[in-house]
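Undergrad: Give me a model of this one.
(4 chains)
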2 protein chains.
Amino acid sequence: MTATQNGAPARRGRPGHSVESLLGVAVAVFNERGYEATSMDELAVRLGVTKSAIYHHVPSKVELLRLALDRALDALFAVTEHPAATAGRAIDRLEHVVRASIGVLAAELPYVTLLLRVRGNSEVERSALQRRREFDRFVTALVRAAEHEGDVRPDVDPAVTSRLLFGTVNSLTEWYRPGGGLSADDLADSVVTVLFTGLRTRS
Amino acid sequence: MTATQNGAPARRGRPGHSVESLLGVAVAVFNERGYEATSMDELAVRLGVTKSAIYHHVPSKVELLRLALDRALDALFAVTEHPAATAGRAIDRLEHVVRASIGVLAAELPYVTLLLRVRGNSEVERSALQRRREFDRFVTALVRAAEHEGDVRPDVDPAVTSRLLFGTVNSLTEWYRPGGGLSADDLADSVVTVLFTGLRTRS
DNA sequence: ATCGAGACTGACCGTCCGGTCAGTAACGAG
DNA sequence: CTCGTTACTGACCGGACGGTCAGTCTCGAT
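TA: The predicted model follows:
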């Protein structure tokens, strides 16, 4: 069996964009301009082809969105099945989920960014929102368990705590850029330090 | 001089919507559907008038956006001029700015929400982003000063700290709803507790 | 009753947008 | 070379969108 440089199987016929390369560009433009504000023509220009060529690979604009959102959601849900997220003290599982989520966010930044901006305008967006809420419930349960085990301060409502936690993590998409001198691990250290042990040196 | 119930001066001619009531509905719909995905016809239906009526009050769709963004930005910048934000130990000024920003966020929730979703698609959006960055610089300077005064842990970069701080505060627009049993002050207490003194009860 | 002022309607315009389709170009295999 | 396969083009369609405009309606004031 022959193979191309990147390890993909050799394809017959005229070479061109793959769904993957198309998706990469699409997500980048969606994040720049916003999904609704991006036209298929604009996408085509960025790809160096005509609008029709896109429809050769993908049936609709919203399907492009679905592929992107699924990618982010799959990566996020994979975290909830890590051994370190399912066994041990709840506080440690929580810390692991936070760190691993930041890892996913850094590794799949454009896809996660897009996911966090979805508003529910189509069926695709609504089902993505539903899966996000499922992830939220997982985290909230973790916070609740950690409080039950006495490792988390009891004076803040667990529902509020989990929202603050993932509000902070999610807000990273607004400014964090990999390759800018701050590694994902260092970033995770900073986030965990601030959220788990606080900013102040004295009260 | 005659006056209406709400204290506004009596106007001549046929009564109808004011720019203010129009703006309120517009911002609500912009937040639901997204600015780009909202059509003027949709806005008109929600107002109970025709599209043309909107153009009687406002020259364009983007002008509606500008009015909304300015409202949020003006409220936010007012915070930076509070006495408690300009005098005293930096850590205390920082805490005040965080608390006051949460107050603004709660009081002007729809406007602040819209502001935080702007992506820079028009000149109006770009200048709003620029004013936001100005606010960010104010906060970063505060964190830097607090670290200089020895009140903030030195092992996290001030630029990162300030982004985490306001990432957390800004993420509140994603879930906080006034009147849901959690007051803005209680919310501010929770945020300040988690961020400034940390989540853990023991290390 | 009249009049001026402000609020609003309904028909319309040019443009852009998502999507379609019939045909064509560029490859690998034989 | 031929043939099947895949990638792509260019012209086109119907609908929606932001915005315009000439006229109409409904008030308060006099």
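Undergrad: Get me the contact residues on chain A for DNA strand C.
TA: Among all residues of chain A, those adjacent to DNA strand C (criterion: C-beta under 7 Å from any atom of the strand) are A:2, A:10, A:12-15, A:38-42, A:51-52, A:55, A:59-62. C-beta here means a position set from N, CA and C on the backbone, and glycine is covered the same way.
Undergrad: Could you list which of the residues you listed also contact DNA strand D?
TA: Within the residues of chain A next to DNA strand C, those near DNA strand D by C-beta under 7 Å from any atom of the strand are A:12, A:13, A:14, A:15, A:51, A:52.
Undergrad: List the contacts of residue A:49.
TA: Residues touching residue A:49, when contacts are defined by C-beta atoms under 8 Å, 6 or more residues apart in numbering or on different chains, comprise A:16, A:17.
Undergrad: just to revisit the earlier point, take the ones next to DNA strand D among the residues of chain A next to DNA strand C and lay them out in JSON lines including pLDDT and neighbour count.
TA: Converted to JSON lines, those look like this (pLDDT from 0 to 100; neighbours: other C-beta atoms under 10 Å in any protein chain shown):
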{"residue": "A:12", "pLDDT": "80", "neighbour count": "5"}
{"residue": "A:13", "pLDDT": "75", "neighbour count": "5"}
{"residue": "A:14", "pLDDT": "77", "neighbour count": "5"}
{"residue": "A:15", "pLDDT": "83", "neighbour count": "9"}
{"residue": "A:51", "pLDDT": "98", "neighbour count": "14"}
{"residue": "A:52", "pLDDT": "97", "neighbour count": "9"}
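Undergrad: from these, which two are the most distant?
TA: Within those, two members stand farthest from each other by C-beta to C-beta: A:12 and A:51, at 25.0 Å.
Undergrad: pLDDT weak spots in chain A?
TA: Across chain A, the stretches falling below the confidence threshold (pLDDT under 70) are A:1-10, A:202-203.
Undergrad: That one: helices as residue ranges?
TA: Using DSSP state H, the helices assigned to chain A run over residues A:19-33, A:40-47, A:51-57, A:61-79, A:83-86, A:90-107, A:109-117, A:123-148, A:158-171, A:184-192.
Undergrad: residues touching the residue of chain A found nearest DNA strand D, list them.
TA: When distances are taken as C-beta to the nearest atom of the strand, chain A reaches nearest to DNA strand D at residue A:16, 1.8 Å away. Contacts for residue A:16 were tallied using C-beta under 8 Å, 6+ apart; they are A:49, A:53.
Undergrad: Give me the domain ranges for chain A.
TA: Using automatic domain parsing, the domain ranges for chain A come out as A:19-59, A:68-199.
Undergrad: Output those as a markdown table; include the columns distance to residue B:21.
TA: Putting these into a markdown table (distance: least, C-beta to C-beta, whole Å) gives the following:
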| stretch | distance to residue B:21 |
| --- | --- |
| domain A:19-59 | 26 |
| domain A:68-199 | 24 |
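Undergrad: quick one, which of the ones you listed is nearest to residue B:125?
TA: When these are ranked by distance to residue B:125, counting by C-beta to C-beta, first place goes to domain A:19-59 at 10.0 Å.
Undergrad: Angles on the backbone of the closest residue to residue A:33 other than its chain neighbours, please.
TA: For residue A:33, ignoring the flanking residues on the chain, the nearest one in space by C-beta to C-beta, 6 or more residues apart in numbering or on different chains is residue B:121 at 6.1 Å. The main-chain torsion angles of residue B:121 are listed as degrees, to the nearest 10 and equal phi -80, psi -20.
Undergrad: so residue A:84 makes contact with residue A:95?
TA: No - counting by C-beta atoms under 8 Å, residue A:84 stays clear of residue A:95, with 9.1 Å between them.
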